[in-house]
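**Student:** take a look and give me a structure for this.
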Amino acid sequence: MSEQLTLYLYKIELALAEANAPYKACQVDLFNKPEWFATKVNPVGKVPVVTYGGPNVDPDDPSPLSVKIAESNVILEFLADLYPDSGLLPKDPVLRAKVRFFVNATNKHFEEPWCAFVYGREPYDNVLKGIEFIQGLLEEGRDFAVGDHYTIADACISPLLVRLKIVTETDLGKFPVGMGNQLGEELKGPKYAKFVKYVQRILERPSLKQTHDKESEITFLKTIFPERVR
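**Tutor:** Numbering: from 1, shown residues only. The predicted structure follows:
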């Protein structure tokens, strides 16, 4: 399972926790997918996927009467609509648009250069540019990405913030040795102060603490980047 893929799964877990939504989880080995996954859930074979509705059955025996919803950002909006009282999407149309813009900006300006850096395809310059862009979207005096409430914008970026902290502390990745730590040092400068404060608030979020285990994350990254393990 790729480092990028787990980011997609993690943001769905965060949204489910924020919505206090009951659900049954089912892990699928993507390198050895069971036949039922492609035939009954997602012919493309991608995760995450949510099945909704139909009879109450085991996750590995999905009902044809349930609806199957794929693509992580689509699932985020579905959960927000399903649990409107969660505040995952604001009721105000302007704020809703800002949330969607933030999600798009996270994918384009942060996630893409981040994965390129972690896999050693390019230096972290574009990561810093992406962080600057995201920082420009954060409003002074606000605790969250958009408005006064945790939304799917925060859920979308949170897994990346977790990985950012771990990688800058452990230097795990395919980039040249020391570059992860160096990125962390650069982020300590005043230029990125607003972004770093936002990261600190998000990392203290109860839903993140509920769904995130740092040691498991580190172990997972070591399996992806074994050449960096000392």
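
**Student:** in the protein, which spans are helices?
**Tutor:** 3-19, 35-36, 72-82, 93-105, 112-118, 125-137, 152-170, 179-187, 193-203, 206-211, 214-224 (DSSP state H).

**Student:** got those as CSV, with distance to P64 and mean neighbour count columns?
**Tutor:** Any C-beta I mention is one placed from the backbone N, CA and C, and that applies to glycine too. CSV is the format used below for those (distance: least, Cβ to Cβ, whole Å; neighbours: other Cβ atoms under 10 Å):
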stretch, distance to P64, mean neighbour count
helix 3-19, 23, 21
helix 35-36, 11, 10
helix 72-82, 19, 18
helix 93-105, 31, 17
helix 112-118, 36, 20
helix 125-137, 41, 17
helix 152-170, 29, 23
helix 179-187, 46, 17
helix 193-203, 39, 16
helix 206-211, 30, 16
helix 214-224, 34, 14
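
**Student:** what's the closest of the ones you listed to V47?
**Tutor:** For those, distance to V47 was read as Cβ to Cβ. The smallest value, 6.6 Å, belongs to helix 3-19.

**Student:** now the closest one and helix 193-203, what's the angle there?
**Tutor:** Counting by axes from the mean of the first three to the mean of the last three Cα atoms, to 10 degrees, helix 3-19 lies at 70 degrees to helix 193-203.

**Student:** next one: helix 3-19 to chain centre, how far?
**Tutor:** Its chain's C-alpha centre and that of helix 3-19 lie 5 Å apart, by Cα atoms, centre = their mean, to the nearest Å.

**Student:** pLDDT of that helix, averaged?
**Tutor:** For helix 3-19, the mean per-residue pLDDT is 84.

**Student:** do the same with stretch 109-116
**Tutor:** Averaging pLDDT along stretch 109-116 yields 96.

**Student:** same question, stretch 200-212
**Tutor:** Averaged across stretch 200-212, pLDDT comes to 93.

**Student:** start the count at 12, not 1, going forward
**Tutor:** Taking 12 as the first residue, the last one we looked at is stretch 211-223.

**Student:** pull the distance from it to the chain's centre.
**Tutor:** Remark: stretch 211-223 is offset 12 Å from the chain centroid, using Cα atoms, centre = their mean.

**Student:** returning to that earlier point: need the helices of the chain in JSON lines (columns: distance to Q38).
**Tutor:** Converted to JSON lines, these look like this (distance: least, Cβ to Cβ, whole Å):
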{"stretch": "helix 14-30", "distance to Q38": "9"}
{"stretch": "helix 46-47", "distance to Q38": "14"}
{"stretch": "helix 83-93", "distance to Q38": "16"}
{"stretch": "helix 104-116", "distance to Q38": "25"}
{"stretch": "helix 123-129", "distance to Q38": "22"}
{"stretch": "helix 136-148", "distance to Q38": "30"}
{"stretch": "helix 163-181", "distance to Q38": "17"}
{"stretch": "helix 190-198", "distance to Q38": "28"}
{"stretch": "helix 204-214", "distance to Q38": "25"}
{"stretch": "helix 217-222", "distance to Q38": "14"}
{"stretch": "helix 225-235", "distance to Q38": "13"}
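
**Student:** any stretches of the protein with poor pLDDT?
**Tutor:** Where the chain drops to pLDDT under 70, the residues are 12-16, 41, 240-241.

**Student:** let's see it at 80
**Tutor:** 12-17, 39-42, 44, 49, 54-57, 238-241 (pLDDT under 80).
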